[in-house]
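Colleague: any chance you could fold what I've pasted below:
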Amino acid sequence: MSIIQLFLVAGGLMGFLILGYTLLAGPSAAKESARRLQAVRFRHSDNAESKVESQLKKAIAARKPKQFSKAGAGSRLEALALRLERTGMNWSVMHYLYASLGLALLITALLFLQTGAAVLSLGVGVLFGAGLPHFIVGFLIKRRTNNFNAKFPDGIELLVRGLRSGLPVAETLGVVAGEVPGPVGQEFRAVVERIKIGRTMEEALQETANKLGTPEFQFFVITLAIQRETGGNLAETLSNLADVLRKRSQMKLKIKAMSSESKASAYIVGSLPFIVFGMIYWINPDYVGGFFTDDRLIATGLGGMVWMAIGGFIMAKMVSFEI
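Modeller: The predicted model follows:
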């Protein structure tokens, strides 16, 4: 059997597994029933905190990702530009593409000079050139989002104190922009600057919400928009929102602590084959050199990496919880 036939068989098997997972992994009836009962309880509860949590869940459900346009972009390039903007760095799409292309060429050249396998070197280079920058951007987005969510309740509390002291909403936004450090202050400064150049407060806040893509800030925008239309005690509503956000953050930390052991085990087990292969190749290159030249060993190695990727994906889904 040639390497092309092996790839075709492996591709068909993967497609069959993906199709089976799609057909069998339907929604749980018990979880759906419990979710509906909880929604009814929130809807008919007189508790202000329950109402705030209910609206927050609606905001989360409304912003679930659907396609590459999940961030409000109309094309993949716009979605990529929005991802780069979410990192907080002054990176453009061209910088990202040049870095990806340069990394792919560098890895390809180094691996080709070491092994002499052109096809394998090109495949690994393309994989690293496309995957590593995407991973770095995702890591920076996640770190900035976590920093924003950690300080956002403090910014809301500062906003509440300003409202209770008699300041208008626009001025309290400026106070938050000047007093809260980190991403919260940066985003609120951007909102204040948009308001100064003639944008309405709803438009300025919604633009920031589209950029961040977090349900917490989206609900904050919805709260201010509803209050400006209907009136009411905005300070009390925002105070309840800050309390709900802190409780969600505490729950996330508890889940992270409970799943940390499983994640550590997955990291160790997933990295051991690559570490052992690298050490053996460093000590005795001829012993594992066939993985770069023999078609059968190349197909075997690629198949093993595919199965490890599937296992890592399943383990990541097992320790991923939505709050």
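Colleague: quick check: which element contains the residue most central in space within the chain?
Modeller: What sits nearest the mean C-alpha location of the chain, by C-alpha atoms, centre = their mean, is Lys142, with 5.7 Å. Here Lys142 sits within helix 118-164, counting by DSSP states H and E.
Colleague: what packs against that helix?
Modeller: When contacts are defined as 3 or more C-beta pairs under 8 Å, 6 or more residues apart in numbering; DSSP states H and E, helix 118-164 sits against helix 76-86, helix 93-115, helix 169-179, helix 183-196, helix 215-230, helix 234-283. Heads up, the C-betas are built off the backbone N, CA and C, glycines and all.
Colleague: make JSON lines out of the ones you listed and add distance to Leu127.
Modeller: Supplementary listing: those in JSON lines, determined by distance: least, C-beta to C-beta, whole Å:
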{"stretch": "helix 76-86", "distance to Leu127": "18"}
{"stretch": "helix 93-115", "distance to Leu127": "8"}
{"stretch": "helix 169-179", "distance to Leu127": "42"}
{"stretch": "helix 183-196", "distance to Leu127": "31"}
{"stretch": "helix 215-230", "distance to Leu127": "33"}
{"stretch": "helix 234-283", "distance to Leu127": "14"}
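Colleague: Phe148 is nearest to which of the ones you listed?
Modeller: Checking those against Phe148 by C-beta to C-beta gives helix 183-196 as the closest, at 4.2 Å.
Colleague: ok, so what distance separates Phe277 from Glu157?
Modeller: Distance, Phe277 to Glu157, by C-beta to C-beta, to the nearest Å: 52 Å.
Colleague: which one's more surrounded, those two?
Modeller: Set side by side, Phe277 and Glu157 show more neighbours around Glu157, with 18 against 13, by other C-beta atoms under 10 Å.
Colleague: residue contacts, that one?
Modeller: For Glu157, the contact set (C-beta atoms under 8 Å, 6 or more residues apart in numbering) comprises 239, 242.
Colleague: circling back to that earlier point, redo the helices and strands packed on helix 118-164 as JSON lines? Include distance to Gly162 and mean pLDDT.
Modeller: Formatted as JSON lines, the helices and strands packed on helix 118-164 follow (distance: least, C-beta to C-beta, whole Å; pLDDT from 0 to 100):
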{"stretch": "helix 76-86", "distance to Gly162": "27", "mean pLDDT": "83"}
{"stretch": "helix 93-115", "distance to Gly162": "38", "mean pLDDT": "87"}
{"stretch": "helix 169-179", "distance to Gly162": "3", "mean pLDDT": "84"}
{"stretch": "helix 183-196", "distance to Gly162": "12", "mean pLDDT": "87"}
{"stretch": "helix 215-230", "distance to Gly162": "13", "mean pLDDT": "80"}
{"stretch": "helix 234-283", "distance to Gly162": "9", "mean pLDDT": "84"}
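Colleague: what's the closest of these to Glu207?
Modeller: Of those, nearest to Glu207 by C-beta to C-beta is helix 183-196, at 6.7 Å.
Colleague: buried residues in the closest one?
Modeller: 183-189, 191-192, 194-195 (16 or more other C-beta atoms under 10 Å).
Colleague: that older thread, quick check: mean pLDDT across the helix holding Lys142?
Modeller: What helix 118-164 shows for mean pLDDT is 86.
Colleague: between that helix and helix 76-86, how many degrees?
Modeller: 60 degrees (axes from the mean of the first three to the mean of the last three C-alpha atoms, to 10 degrees).
Colleague: what angle sits between helix 118-164 and helix 183-196?
Modeller: 70 degrees.
Colleague: between helix 118-164 and helix 215-230, how many degrees?
Modeller: Using the same axes, to 10 degrees: helix 118-164 against helix 215-230 is 40 degrees.
Colleague: roughly how far apart are Gly174 and Pro273?
Modeller: Taken as C-beta to C-beta, the span from Gly174 to Pro273 is 54 Å.
Colleague: scratch that, Arg248
Modeller: For Arg248, the distance to Pro273 - C-beta to C-beta - is 37 Å.
Colleague: who has more neighbours out of these two?
Modeller: Neighbour comparison, Arg248 and Pro273: the larger count goes to Arg248, with 18 against 13 (by other C-beta under 10 Å).
Colleague: from Val124, how far out is Ile283?
Modeller: Going from Ile283 to Val124 by C-beta to C-beta gives 21 Å.
Colleague: who has more neighbours out of the two?
Modeller: Neighbour count, other C-beta under 10 Å: between Ile283 and Val124, Val124 has more, with 18 against 9.
Colleague: quick one: residues contacting that one.
Modeller: With C-beta under 8 Å, 6+ apart, Val124 has these contacts: 107-108, 111.
Colleague: surely Ser249 touches Ala150?
Modeller: Yes. Look at Ser249 against Ala150 with C-beta atoms under 8 Å: they come within range, at 6.9 Å.
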